[in-house]
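Asks: With the sequence up front, the predicted model follows.
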Amino acid sequence: MELNALLAQPVALPSLPRAVALLMNELAHEEPSLRRLNQLFGTDPALAARLLELANSATFQLPRQIAGIPEALALLGTVQLRSLVSSATLGTTSRSVPGVNMQQFWRYSLNTAKLARSLAGIVHQSQIAAFTAGLLHALGELVIHLADPEKAHSVNTLVAPFDLRRGKIEHRIFGYSYGHVTAALARRWQLPEAVVDALQHQGAPFDNNVYEPLAGVIHLASWRARAREVELTDKELAVSFPGEVGLTLGLDIDMVLQQDPIDWTVKPEAADYVV
C-alpha cells in the first residue's frame with residue numbers, strides 16, 4: 001500500500017484510558033488547572049495530536065503556528081476541551097492495535113518526548129517543539145498497523161515494533177517508514193513546519209544534504225527510549241549509538257545517557273506517566 005493510500009484509510013488512534021478519565025475529571029471543575037491539563041495531554045500522543053490539530057485549524061486562524069500543548073490550551077475553551085476528550089477512542093493494552101502493546105507505546109512515546117525536550121535545551125532548539133515531535137513521532141506506526149495489518153505483521157516477524165532497526169526495515173519494504181506517515185499526518189493537521197520537518201527526517205536527519213537539528217534530537221531521543229524498551233546492555237548501547245548524528249549536534253553518548261528527565265534504572269513496566 002502506497003503512502004497516500006495508507007493515509008486514505010480511516011483509522012481511530014487510541015488514547016490512554018487513564019489520561020482520558022483524569023482529563024474528564026479535571027475538566028469537570030469550574031476552573032480546570034491549566035498546569036494539570038498540560039501534564040495530562042502530554043501523556044497521550046493521540047489526544048495531543050487532536051488538540052494541536054484543532055488549535056491549528058481555521059477555527060483559530062493560526063495555521064502552522066501552534067507547536068505545543070500549552071499554547072493550544074490557551075486557545076481552547078473548557079467546552080471545546082470536554083468535547084475533544086469525551087470523543088476520544090479508548091485504547092487497551094493489547095487489543096486496540098493488533099501487534100502493538102499500547103501500554104509500551106504510550107510509555108515509549110512519553111519517554112522520547114521528555115528526553116527530546118531535555119536534549120533540545122542543550123543544543124538550543126525549541127523545547128516545546130521537541131516535546132511535541134517526540135510525543136507524536138511514532139503515531140505513524142499505529143496507522144500502519146491499523147490500516148494495513150497484514151503488512152505490519154510481516155514486518156513484525158522480522159523486527160519488533162520497538163526494535164532500533166524498525167524504521168529502516170519499513171522503508172525497505174514499504175518505501176516509507178512510520179516517521180514519514182507521522183509527518184504526513186502532521187502536515188494534514190497543519191502543525192508548524194519545524195515539527196513536520198523533524199518528523200519527516202527523524203530517521204536520517206543529516207543525510208543527502210538534509211540538516212534538521214530538531215530531527216536529530218528526535219533521532220537520539222527515540223534511540224535512547226527504544227534501547228530502554230529492548231533492554232540493551234552497556235556494550236550494545238555503545239555499539240548502536242548514532243554517532244554521526246550525535247557528532248553533528250555536538251552530543252556524545254555520555255551526554256545523551258546522562259540526561260535525567262527519566263529514571264532509567266526503573267524497570268519499564270514500573271514506569272509511570274509524569275510529564
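Replies: Sure thing, it's come through.
Asks: any weak-confidence spans in this protein?
Replies: Applying pLDDT under 70 to the chain flags the ranges 93-94, 261, 264-275.
Asks: Past the helix or strand containing A116, which element shows up next along the chain?
Replies: Taking DSSP states H and E as the definition, A116 sits inside helix 102-122. Next helix or strand after helix 102-122 toward the C-terminus (DSSP H and E): helix 127-136.
Asks: quick one on the thing from earlier: quick one: work out the angle between the helix holding A116 and helix 127-136.
Replies: 160 degrees (axes from the mean of the first three to the mean of the last three Cα atoms, to 10 degrees).
Asks: which helices and strands does helix 102-122 pack with?
Replies: The helices and strands touching helix 102-122, judged by 3 or more Cβ pairs under 8 Å, 6 or more residues apart in numbering; DSSP states H and E, are helix 127-136, helix 213-229. For every residue, glycine as well, the C-beta is placed using N, CA and C.
Asks: Counting neighbours, what do you get for D234?
Replies: 8 (other Cβ atoms under 10 Å).
Asks: Then the one 10 residues further on?
Replies: E244 has 12 neighbouring residues, counting by other Cβ under 10 Å.
Asks: Please name the residues that touch the closest residue to it other than its chain neighbours.
Replies: Distance criterion Cβ to Cβ, 6 or more residues apart in numbering; nearest residue to E244, sequence neighbours excluded, is F206 at 6.9 Å. Residues in contact with F206 (Cβ atoms under 8 Å, 6 or more residues apart in numbering) are E212, G216, E244, V245, T248.
Asks: I figured the last one hits A215, correct?
Replies: This means T248. No: contact between T248 and A215 fails when scored by Cβ atoms under 8 Å: they sit 10.6 Å apart.
Asks: And those two? Which one has more around it.
Replies: A215 (27 against 15).
Asks: check contacts around that one.
Replies: D197, A198, L199, Q200, H201, Q202, P205.
Asks: May I ask which two of those are separated the most?
Replies: L199 and P205 (10.8 Å; Cβ to Cβ).
Asks: Between these two, which has more neighbouring residues?
Replies: L199 (32 against 25).
Asks: mind giving me the domain split of this structure?
Replies: 17-86, 102-267 (automatic domain parsing).
Asks: Now tabulate those domains in CSV and tack on distance to N4.
Replies: Formatted as CSV, those follow (distance: least, Cβ to Cβ, whole Å):
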stretch, distance to N4
domain 17-86, 19
domain 102-267, 8
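Asks: Quick one, which of those gets closest to L6.
Replies: domain 102-267 (5.1 Å).
Asks: residues near A225, how many?
Replies: Neighbour number of A225 under other Cβ under 10 Å is 26.
Asks: got the contact list for the residue nearest to H153 when sequence neighbours are not counted?
Replies: Nearest residue to H153 in three dimensions, chain neighbours excluded: G99, at 6.0 Å (Cβ to Cβ, 6+ apart). By Cβ under 8 Å, 6+ apart, the residues touching G99 are H145, P149, A152, H153, N156, P161.
Asks: distance of G99 from L110?
Replies: 20 Å (Cβ to Cβ, to the nearest Å).
Asks: for L257, same thing?
Replies: Taking Cβ to Cβ, one finds L257 at 18 Å from L110.
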